[in-house]
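Student: sequence and computational prediction follow.
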Amino acid sequence: LKKDPNNEIFVHISNYLGNNNFSLSSGDLNKLNYITAIKFRDRISNYKRLTNVQILLLRFKNIFRRLQKKFLRKEKKIFLKKGVILAFTGVDGSGKSSLLSHTENFYSKILTTKKTHIGRPFPILVHSVWRILKSKRKADTTTTSKPWTSILKCTFALLLAKMRLQRARYIYRLANKGNLVLVDRWPTAEQGKMDGPRIRFYENSRPIVRFLGGLEQKIYNEFPMADICIFLRVSSLQALERNRNRTKVNKETSGEIIKRFSENYEYYPKAQLVIEYENSLDLIKAQSDIVRQSWLAITRHNNSLKNP
């Protein structure tokens with residue numbers, strides 16, 4: 001734009017800014033009146049990288065993308081820096097599924113939310129193999145767990161660990177796109193714990209068992225950490241009652257629930273922040289508390305990314 005005293009646009013802008021050596025920013029342009037802005041755009045049209053027709057087409061393209069995200073993909077707001085992985089874990093019957101569904105309903109209204117399961121990432125395959133192994137397993141009346149000495153069981157445990165790691169990496173890709181990812185369960189590296197390494201091996205174990213167990217432990221050590229993990233705690237009686245009332249394929253027996261409860265009451269999932277919650281209260285209060293605590297944790301996590 002030439003500094004011509006006879007140019008009405010130059011005179012208007014220079015009078016507004018108070019000097020002849022000015023730089024026109026987007027903020028200054030917004031403060032000008034509408035007619036002057038139109039004239040200014042017309043005068044600099046020869047210097048624009050896009051023609052008026054191209055700008056109009058670009059605007060229609062952006063509008064189409066916004067409509068596609070809102071109505072077809074059902075996408076809402078995302079996190080600018082990085083999304084959040086919010087996992088729910090706890091023993092069977094602790095209320096993970098109910099609270100996870102309620103949390104999803106709350107956040108999906110304002111954020112682009114994805115929900116997935118990492119305990120059994122491919123449920124049809126895992127349930128089928130699990131039923132076969134379970135049918136071959138002899139009844140165990142002791143309170144201690146049997147070592148996974150069967151080659152078939154060791155192979156399945158190694159395959160399950162690999163599938164969980166792939167699912168965890170997929171979850172991280174979703175979070176890196178700015179999504180809020182809600183996950184049912186999150187693994188631990190502690191051997192013999194829920195969602196952790198299953199192959200128990202000792203110095204006198206067979207070489208193949210020690211080899212497969214070492215590979216499985218290495219896979220669980222490579223698991224990334226969830227951003228936030230809500231650890232739900234309940235009493236053994238509540239866990240049994242809730243397990244009896246729920247409908248589930250290949251549901252655990254009461255003996256298995258007690259066994260898992262005693263073995264997994266204390267363990268640490270791989271997460272940057274673990275929030276322990278006693279889920280023995282009223283369901284409505286529990287839903288409200290989980291939403292409030294998770295919202296505060298997500299806010300602090302997002303602020304930490306903005307101000308490292």
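Tutor: That came through fine. Everything quoted here is computed from the prediction, not taken from an experiment.
Student: so when I look at R167, I'm seeing a strand, right?
Tutor: No. Applying DSSP: H, G, I helix; E, B strand; the rest coil, one finds R167 to be helix, outside a strand.
Student: what about it, distance to E222?
Tutor: As for R167, its distance to E222 is 13 Å (criterion: CB to CB, to the nearest Å). Yep, even glycine has a C-beta here, placed from its N, CA and C like the rest.
Student: higher neighbour count, the two?
Tutor: A direct count of neighbours by other CB atoms under 10 Å for R167 and E222 places R167 higher, at 19 against 12.
Student: I figured the more buried one hits I118, correct?
Tutor: Yes. The criterion here is CB atoms under 8 Å, and R167 meets it with I118 at 5.1 Å.
Student: can you give me the strands in this structure?
Tutor: 84-90, 113-117, 180-184, 226-233, 271-278 (DSSP state E).
Student: can you put the ones you listed in TSV and add mean pLDDT, distance to M194 and mean neighbour count?
Tutor: Below are the strands of the chain laid out as TSV (pLDDT from 0 to 100; distance: least, CB to CB, whole Å; neighbours: other CB atoms under 10 Å):
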stretch	mean pLDDT	distance to M194	mean neighbour count
strand 84-90	93	8	26
strand 113-117	91	14	18
strand 180-184	94	12	23
strand 226-233	93	11	23
strand 271-278	93	14	15
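Student: tell me which of those strands sits nearest to L158.
Tutor: strand 113-117 (19.7 Å; CB to CB).
Student: how close does the closest residue to E252 other than its chain neighbours sit to L296?
Tutor: What sits nearest to E252 in space, not counting adjacent residues and going by CB to CB, 6 or more residues apart in numbering, is D92, at 5.8 Å. Distance, D92 to L296, by CB to CB: 28 Å.
Student: and what of K270?
Tutor: 22 Å.
Student: higher neighbour count, those two?
Tutor: K270 (21 against 11).
Student: tell me the pLDDT at the more buried one?
Tutor: pLDDT, K270: 92.
Student: quick one: it and P187 touch, right?
Tutor: Yes. Under the criterion of CB under 8 Å, K270 makes contact with P187 at 6.3 Å.
Student: who's in contact with L296?
Tutor: Residues near L296 by CB atoms under 8 Å, 6 or more residues apart in numbering: none.
Student: same question, L159
Tutor: No contacts exist for L159 under CB under 8 Å, 6+ apart.
Student: I'd like to know how far it sits from A297.
Tutor: 33 Å.
Student: bridging residues for the closest residue to S294 other than its chain neighbours?
Tutor: Residue nearest to S294 in three dimensions, not counting chain neighbours: L86, with 6.0 Å by CB to CB, 6+ apart. Beta bridges link L86 to L182, I228, judged by DSSP bridges.
Student: what's near enough to touch L86?
Tutor: T103, L180, V181, L182, V183, A226, D227, I228, C229, I230, S294, I298.
Student: make it 7 Å
Tutor: L180, V181, L182, D227, I228, S294 (CB atoms under 7 Å, 6 or more residues apart in numbering).
Student: got it, and A168?
Tutor: In this structure, A168 makes contact with I118, F223, P224, judged by CB under 7 Å, 6+ apart.
Student: and stretch 234-248, which residues are buried?
Tutor: V234, A239, L240, R242, N243 (16 or more other CB atoms under 10 Å).
Student: for stretch 93-105, same thing?
Tutor: Buried residues in stretch 93-105 (16+ other CB under 10 Å): G93, S94, G95, K96, S98, L99, L100, H102, T103, E104.
Student: what do you get for stretch 210-224?
Tutor: Result for stretch 210-224 [16+ other CB under 10 Å]: buried residues L212, G213, L215, E216, Q217, I219, Y220, F223, P224.
Student: what is the nearest of these to A175?
Tutor: Nearest to A175 among the buried residues of stretch 210-224, with distances taken as CB to CB, is P224, at 9.6 Å.
Student: got the contact list for that closest one?
Tutor: A168, Y172.
Student: now it. Its backbone dihedrals?
Tutor: When quoted as degrees, to the nearest 10, the phi and psi of P224 stand at phi -70, psi 160.
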